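J.: Please work out how this folds:
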Amino acid sequence: MTVLLIAGSPSARSRSSALLDAVGQRLRAHDTEVDQILIRDLSAPSLLLADVSERSIARAVEQVAQASAIVVSTPVYKAAYSGVLKVFLDLLPQTALKDKVVLPLATGGSPHHMLALDYTLRPVLQSLAARHILPGVYATDAQITVTPESAYQVSADIGTRLDEVVQLLLQEAYGRRQALPAFAPIAFSQVRCSV
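T.: Next up, the predicted model:
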């Protein structure tokens, strides 16, 4: 199973990327294969023109297709997810998330934008046929701080939430992929019923 991490921040260093990295570390600790797309590194003209034949875009679309589960992270701007994430999601096929478990993550300046996950991002993920969208994690700037070494640090309460959703992601992604046990056919003459 591969979990694909999609970084929807236009910045090279961001709190939403730090949140995504924290999920990636937790997944790797569970011996889960992790792949990543940094949308900001894809060809900007090809993104805007929805040119899925361009090499970096074609590779990203293929990564989505091959993944068993997806984690999407975005900063919240003006009560919505980032524009670069929107452009990327728009070029995916209509059933790009079919049979996939999706975990949305977002960061914002205050708790006032917490519902952006449910009101703006979740409907788009649903429209791409996601099998199951897990409860998202939203963190404020105060919950992801900058250390003196200029690194981002996730607060303990957000760390606990991430531990919980990673466990849920693994259960949902692995649990649904397990085959049901095979049963031997039963002859009709052996069926017993009481009335």
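
J.: Could you list everything the closest residue to residue 110 other than its chain neighbours pairs with in the sheet?
T.: Leaving aside its sequence neighbours, residue 110 sits nearest to residue 140 (CB to CB, 6 or more residues apart in numbering; 5.9 Å). C-beta coordinates here come from the backbone N, C-alpha and C atoms, glycine included. Counting by DSSP bridges, residue 140 forms beta bridges with residue 108.

J.: Compute the number of surrounding residues for residue 140.
T.: By other CB atoms under 10 Å, 18 other residues sit near residue 140.

J.: wait, it sits on residue 106?
T.: No: contact status for residue 140 versus residue 106: not in contact, 10.1 Å apart, counting by CB atoms under 8 Å.

J.: Relative to residue 103, how far out is the residue nearest to residue 110?
T.: Using CB to CB, to the nearest Å, one gets 19 Å for the distance from residue 140 to residue 103.

J.: Also residue 87?
T.: 21 Å.

J.: out of these two, which sits in the busier spot?
T.: Neighbours per residue (other CB under 10 Å) separate residue 87 from residue 103, with residue 103 holding more: 27 against 17.

J.: Give me the phi and psi angles of the residue nearest the centre of the chain.
T.: Nearest to the mean C-alpha position of the chain, by CA atoms, centre = their mean, lies residue 71 at 1.7 Å. Note on residue 71: its backbone torsions stand at phi -120, psi 120 [degrees, to the nearest 10].

J.: In the beta-sheet assignment, what are the partners of it?
T.: In beta-bridge terms (that is, DSSP bridges), residue 71 pairs with residue 5, residue 103.

J.: Surely residue 172 is in a strand?
T.: No: secondary structure assignment (DSSP: H, G, I helix; E, B strand; the rest coil) places residue 172 in helix, not in a strand.

J.: Enumerate every residue touching it.
T.: 69, 101, 132, 134 (CB atoms under 8 Å, 6 or more residues apart in numbering).

J.: Ok, residue 35 next?
T.: If you count contacts by CB under 8 Å, 6+ apart, then residue 35 has 2, 3, 4, 5, 63, 66, 67 around it.

J.: Below-threshold pLDDT in the protein: ranges please.
T.: For the chain, the stretches with pLDDT under 70 are 176-184, 191-195.

J.: That one: strands as residue ranges?
T.: 2-7, 33-38, 69-77, 80-81, 101-108, 132-133, 137-140, 144-146, 152-154 (DSSP state E).

J.: For those strands, please prepare a markdown table with the additional fields distance to residue 27.
T.: What follows is those, written out as a markdown table (distance: least, CB to CB, whole Å):
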| stretch | distance to residue 27 |
| --- | --- |
| strand 2-7 | 5 |
| strand 33-38 | 5 |
| strand 69-77 | 8 |
| strand 80-81 | 22 |
| strand 101-108 | 10 |
| strand 132-133 | 17 |
| strand 137-140 | 14 |
| strand 144-146 | 18 |
| strand 152-154 | 15 |
